[in-house]
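Peer 1: 3D model of this:
(2 chains)
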Number of protein chains: 2
Amino acid sequence: MTLFLQTIPVSEAVRIAGELSGPMPEELVPLEASYSRVLARDIFADIDIPGFDRSVMDGYAVRSSDTTGAGEAIPAMLRLTGRIVMGGRADLSIGRGECAYIPTGAELPEGADAVAMVEYCDMLGDQVLVKKPMANGENIVRKGEDFSSGELVLSAGRRLSIQEVGALAAVGKKDVPVRRRPLIGVISTGNELITVESVPRGSQVRDVNSYMCGSFLQSIGCDFRLYGIVKDDRESLGNALKLAKNECDGILISGGSSKDDRDMCADIIRENGEVLVHGIALAPGKPTIIGSLGNVPVLGLPGHPASALVVMMIIGRPLFLGMTGEKEISKRLEKAVLASNVPSTKGREDYIRARLIDGYAHPLFGKSGLLNTLVRSDGIIRVPAGSEGLEKGDEVEVFLW
Amino acid sequence: MTLFLQTIPVSEAVRIAGELSGPMPEELVPLEASYSRVLARDIFADIDIPGFDRSVMDGYAVRSSDTTGAGEAIPAMLRLTGRIVMGGRADLSIGRGECAYIPTGAELPEGADAVAMVEYCDMLGDQVLVKKPMANGENIVRKGEDFSSGELVLSAGRRLSIQEVGALAAVGKKDVPVRRRPLIGVISTGNELITVESVPRGSQVRDVNSYMCGSFLQSIGCDFRLYGIVKDDRESLGNALKLAKNECDGILISGGSSKDDRDMCADIIRENGEVLVHGIALAPGKPTIIGSLGNVPVLGLPGHPASALVVMMIIGRPLFLGMTGEKEISKRLEKAVLASNVPSTKGREDYIRARLIDGYAHPLFGKSGLLNTLVRSDGIIRVPAGSEGLEKGDEVEVFLW
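Peer 2: Presented below is the predicted three-dimensional model:
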């Protein structure tokens, strides 16, 4: 009886997970549905933005040379020749000693090279008194200053943010090339599991992992399909894996909780595909399985919800982000000062749940089965494999949930 | 001609925005669709979790008193009486000098009070050698230790995280009471605006704000409906506002860019409802309008995309989160050291876009119309109203996008 799994270092498991699958095919979605989707292609500006010299203030379009030396006491006096309207061609021309009213965003008229803010001007009949010297280019955005035609605006692999969707609008991308969201099948195994709507008797427990796995997958941009609770027997497990393989792009399976059940799961994957990793030097999360059925990646998680979540974060993220195509991963690390000592075992990476309060990371030493500390935690602290623990006062990085 | 708006302090505007509307009505959604939704009611545990004393390790259920003084040299020798199975009642009873194999998650048998991990045990015939003294309760979670029946598990107002969805599963919430997502109508005004699919001529610009507003609303848990580009005339604007008021729970309108257009928008809101704020001591974002049409809140943003985004973040968030019902707002502040001086004007709050690199906040002094710096920025730095600026080396908080 082999009681110990062959474990590999976390960094090696992360590399294998990240390389297990390539990005999903591309699809076009309307711009208004592109927020939070992963961009599939580099995007270039189709035009100069702005397409004209533009005022960024409400004020008066002037020739800056006319305002040299102007001040409160001796303002420059300019003749108001007209009013520029938004969205129309600026058909005025500003000669020496002249100015025109210009609203924010309008096109600078010919001859003008600056805009004097209304706050620094007074009206006197048809004359405008400018009480401040203006520099050439002041309060103006030049044609192409934001993006020039042909310039790279966004790189493929970005999960689109609010302002990136705005940039896509500016460069005319009504339909956006994004990666299809991978569909991941979620399987919970364990003879002790019952559905959420049931009331546990004896040592039964409700299926928590199906819903945590689904939420995790959503959080990183995947769709999911629940295959429910599967009994820990060879036939049930084999059938569920085959069904999910045929219907999905990837599989996330959690449990069984015991050593024998985990071996059975790995055996079935090996018979129908490949097991690349079975055992990681990671606590919690040692009995993790990384494999594939055909070209469908499979991640096997421990059955305990808190352990399962750690493995999802550390191994599942790189694996499934490889499929979503997201490259520049959103910042999820927060620096903090450790509020108490964290003991650890050399030779494996330990992840300790922590709560962040005013810049301090408070380790929560809950037993791995507790949802309570999981809910109260903000993320996890990594204790490197070479370390025997961390000390109170150490600066640590908290990997936020 | 009134060139200056009556401005109120940011804190006052935030308070007014937050109180403008109450949370949406409650609805039930299936647990698997509850991730990222806002919980409408406090949730209590319906049962003890776990419902039994549970092992958190693969190992041997023992009486801890049998292992007193055990060590590598002199292990405790216990007779293996059986094997506990997952999900079944532990019908074994452990007497003095006895033990039973127990998998992770299984019910502790009567008589036992600890679990010795397999790693610290050896088999010798039907005897188990335990090489470590076990404490009462070691490697065990007690009945009700995670959540006890009737205990508060989650409070109303939480936007459900991965692990919170897990906690709901554990307490049997197959259907989850959440707040309905508010539907917000989005209107872009400005005679200079053209649709994204058009190519600008002269001083026309593509409508960026409709898509930025929609993305922003999604990011905070709202749905949105685009009403497209509305011309800056009284009739078009009035009709669009009335239509959106009848179909939506709130309205987000951006532009017109000029003073007159802004006044027109405020006038129309006043004629059909109420204007509470017109002008905030905020840069960018001074010409913001907060009002309502009947019981439908309206937020009027400046036309420039970068200014619009700042106002969405500072004023729009509290306003629309009041509707989504989210109470404990996700952490969006990151501490950083200012990498260069930031000048400011006393008497107003300035928000400067910044990029975060290795703990330093680099201010990006882009002109307010530039999308380029907006895309490159990670968030904004607040310069308080009483300050004349911030100095290089100051510790600042970056409000992340």
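Peer 1: how is chain A divided into domains?
Peer 2: For chain A, automatic domain parsing gives the domain ranges A:10-24+A:181-324, A:26-43+A:155-179, A:110-151, A:333-400.
Peer 1: which is the succeeding secondary structure element to the helix-or-strand element of chain A with minimal mean pLDDT?
Peer 2: Lowest by mean pLDDT, DSSP states H and E among the helices and strands of chain A is helix A:371-376, with a mean of 82. Per DSSP states H and E, the first helix or strand lying C-terminal to helix A:371-376 is strand A:379-383.
Peer 1: show me what that next one is packed against.
Peer 2: Applying 3 or more CB pairs under 8 Å, 6 or more residues apart in numbering or on different chains; DSSP states H and E, we find strand A:379-383 packed against strand A:349-357, strand A:389-390, strand A:395-400. Where you see a C-beta, it was placed from the backbone N, CA and C, and this is true even at glycine.
Peer 1: turn the ones you listed into a markdown table, columns for distance to residue A:95, mean pLDDT and mean neighbour count.
Peer 2: Shown next, in a markdown table, are the helices and strands packed on strand A:379-383 (distance: least, CB to CB, whole Å; pLDDT from 0 to 100; neighbours: other CB atoms under 10 Å in any protein chain shown):
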| stretch | distance to residue A:95 | mean pLDDT | mean neighbour count |
| --- | --- | --- | --- |
| strand A:349-357 | 62 | 88 | 22 |
| strand A:389-390 | 72 | 89 | 18 |
| strand A:395-400 | 60 | 88 | 18 |
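Peer 1: dump those strands to TSV, plus distance to chain B.
Peer 2: What follows is the helices and strands packed on strand A:379-383, written out as TSV (distance: least, CB to the nearest CB, whole Å):
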stretch	distance to chain B
strand A:349-357	8
strand A:389-390	19
strand A:395-400	8
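Peer 1: where does the stretch 51-200 of chain A dip in pLDDT?
Peer 2: A:88-90 (pLDDT under 70).
Peer 1: now the helices: where do they sit in the stretch 151-300 of chain A?
Peer 2: Taking DSSP state H, counting those that start in this stretch as the test, the helices found in the stretch 151-300 of chain A are A:162-170, A:209-219, A:234-247, A:259-272.
Peer 1: nearest to residue B:362, of those?
Peer 2: helix A:162-170 (16.7 Å; CB to CB).
Peer 1: next, the angle strand B:349-357 makes with that closest one.
Peer 2: Between helix A:162-170 and strand B:349-357, the angle comes out at 90 degrees (axes from the mean of the first three to the mean of the last three CA atoms, to 10 degrees).
Peer 1: so what touches helix A:162-170?
Peer 2: Helix A:162-170 has contacts (CB atoms under 8 Å, 6 or more residues apart in numbering or on different chains) with A:31, A:34-35, A:39, A:43, A:45, A:49, A:146-147, A:153-154, A:158, A:160, A:176, B:196, B:205-212, B:214-216, B:219, B:305, B:309, B:371, B:374-375, B:377, B:401.
Peer 1: CA atoms only: put the least confident helix or strand of chain A into CSV for me.
Peer 2: Taking C-alpha atoms only, helix A:371-376 is exported to CSV below (Å, rounded to 0.1, in the frame of the first residue of the first chain):
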residue,chain,number,x,y,z
LEU,A,371,-15.9,27.3,5.8
ASN,A,372,-16.2,29.8,8.6
THR,A,373,-12.5,30.9,8.4
LEU,A,374,-12.7,30.6,4.6
VAL,A,375,-15.5,33.1,4.5
ARG,A,376,-13.8,35.5,7.0
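Peer 1: can it be said to contact chain B?
Peer 2: Yes: under the criterion of CB under 8 Å from any CB of the partner chain, chain B is reached by helix A:371-376 at A:371, A:372, A:374, A:375.
Peer 1: so which pair among the residues you listed is furthest apart in space?
Peer 2: Counting by CB to CB, the most remote pair of those is A:372 and A:374, 7.0 Å apart.
Peer 1: more neighbours, the two?
Peer 2: Remark: of residue A:372 and residue A:374, residue A:374 carries more neighbours, 26 against 22, as counted by other CB atoms under 10 Å in any protein chain shown.
Peer 1: contacting residues for the more buried one?
Peer 2: Contacts for residue A:374 (CB under 8 Å, 6+ apart) come out as A:305, A:306, A:309, A:353, A:366, B:163, B:166, B:167.
Peer 1: one more time with 6 Å, if that's ok
Peer 2: Going by CB atoms under 6 Å, 6 or more residues apart in numbering or on different chains, residue A:374 touches A:306, B:163.
Peer 1: the one 3 residues further on now?
Peer 2: Contacts were defined as CB under 6 Å, 6+ apart; by that measure residue A:377 touches A:353, A:355, A:364.
Peer 1: for the closest residue in space to it that isn't next to it in sequence, name its beta-bridge partners.
Peer 2: What sits nearest to residue A:377 in space, not counting adjacent residues and going by CB to CB, 6 or more residues apart in numbering or on different chains, is residue A:353, at 3.9 Å. Beta-bridge partners recorded for residue A:353 (DSSP bridges): residue A:380.
Peer 1: so residue A:353 makes contact with residue A:362?
Peer 2: No: at 9.6 Å, residue A:353 does not count as touching residue A:362 under the criterion of CB atoms under 6 Å.
Peer 1: so the residue nearest to residue A:200 when sequence neighbours are not counted, which of the three states?
Peer 2: Nearest residue to residue A:200, sequence neighbours excluded (CB to CB, 6+ apart): residue B:51, at 5.0 Å. Classification of residue B:51 using DSSP: H, G, I helix; E, B strand; the rest coil returns coil.
Peer 1: and for residue B:51, the neighbour number?
Peer 2: 19.
Peer 1: hang on, it packs against residue A:201?
Peer 2: No: with contact defined as CB under 6 Å, residue B:51 does not reach residue A:201; the gap is 8.0 Å.
Peer 1: residue A:60 in helix, strand or coil?
Peer 2: Under three-state DSSP, the three-state class of residue A:60 is strand.
Peer 1: and the contacts of stretch A:58-67?
Peer 2: Residues lying outside stretch A:58-67 but in contact with it, judged by CB under 6 Å, 6+ apart, are A:76, A:94, A:99-104, A:108-109, A:112-118, A:121, A:128, A:130, A:133-136, B:259.
Peer 1: what do you get for stretch A:105-123?
Peer 2: Contact with stretch A:105-123 is made by A:52-53, A:55, A:57-62, A:64, A:84, A:86, A:90, A:92-94, A:100, A:102, A:128-132, A:134, A:136, A:138-139, B:3, B:203, B:257, as judged by CB under 6 Å, 6+ apart.
Peer 1: ok, residue A:356 touching residue A:378?
Peer 2: Yes: if you go by CB under 6 Å, residue A:356 and residue A:378 touch, sitting 4.6 Å apart.
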